[in-house]
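[1] take a look and give me a structure for this.
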Amino acid sequence: MSDITKQPIPTATSESHRLVLGPSLLDGLPGSEDWRAFTRHIKDPSCLALTELWIEKVHAAGGIPLRNDFAFEEIAKWGSTLMLYKLDENDRWLTTFAGGAVVEVLGFEPTGKYLEDYGADNSLKFWLDNMQYITDAHMPLIESYNLEFVEKDYVRVSAVNLPLKTGTRDFPDSYFEILSFGAE
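    Alright, predicted model coming up:
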């Protein structure tokens, strides 16, 4: 039995999942109305602020920005509720960073683990399906779902996923996820 299977593993019920797709960047930069239509769904001010910084980087890059386009100083203030993922050479999503507030809510450290190492079946399918929007359609998205824990009440998660490139592929192979938590 691996260490991760001994941890309280989050699960989500299918009726709790909600997804808002952002504008695609496949055919160029979306207009301001498209961005407003997407960002009006972001209720958490911190999530909105990082999304707005990401949109600035999109415009500066003329498309999906590189992970290196973000200086540490620019994103440090979101560190506690930020996660960073990278698609590895085997096309598996690796969690490369999880902030302290995320670790506290989850009850374990996901950094260095693959999504399938800690996602429950219905959560994992939801997350991996959403990663297809990021890689195939080059679009940001908002996820909302309930996490269940063995020793915790339901926790409502709202997450904004912002695609990035590492510079090694011609599609988004990395992304920021900024999270907010609240009781159901």
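[2] now the helices for this protein?
    32-39, 45-61, 72-75, 100-106, 115-118, 121-137 (DSSP state H).
[3] what's the closest of those to residue 81?
    helix 100-106 (5.0 Å; CB to CB). C-beta here means a position set from N, CA and C on the backbone, and glycine is covered the same way.
[4] could you name the helices and strands sitting against the closest one?
    strand 174-183 (3 or more CB pairs under 8 Å, 6 or more residues apart in numbering; DSSP states H and E).
[5] among the helices of the chain, which comes closest to residue 160?
    Nearest of those (CB to CB): helix 45-61, 4.8 Å.
[6] now do the buried residues in that closest one.
    Residues of helix 45-61 classed as buried by neighbour count (16 or more other CB atoms under 10 Å): 46, 47, 48, 50, 51, 53, 54, 55, 57, 58.
[7] need these in JSON lines (columns: pLDDT and distance to residue 143).
    Formatted as JSON lines, those follow (pLDDT from 0 to 100; distance: CB to CB, whole Å):
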{"residue": "46", "pLDDT": "94", "distance to residue 143": "16"}
{"residue": "47", "pLDDT": "96", "distance to residue 143": "11"}
{"residue": "48", "pLDDT": "97", "distance to residue 143": "15"}
{"residue": "50", "pLDDT": "97", "distance to residue 143": "15"}
{"residue": "51", "pLDDT": "97", "distance to residue 143": "13"}
{"residue": "53", "pLDDT": "97", "distance to residue 143": "19"}
{"residue": "54", "pLDDT": "97", "distance to residue 143": "16"}
{"residue": "55", "pLDDT": "97", "distance to residue 143": "18"}
{"residue": "57", "pLDDT": "97", "distance to residue 143": "21"}
{"residue": "58", "pLDDT": "97", "distance to residue 143": "19"}
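[8] where in the chain is pLDDT low?
    1-15, 121-122, 148-154, 183-184 (pLDDT under 70).
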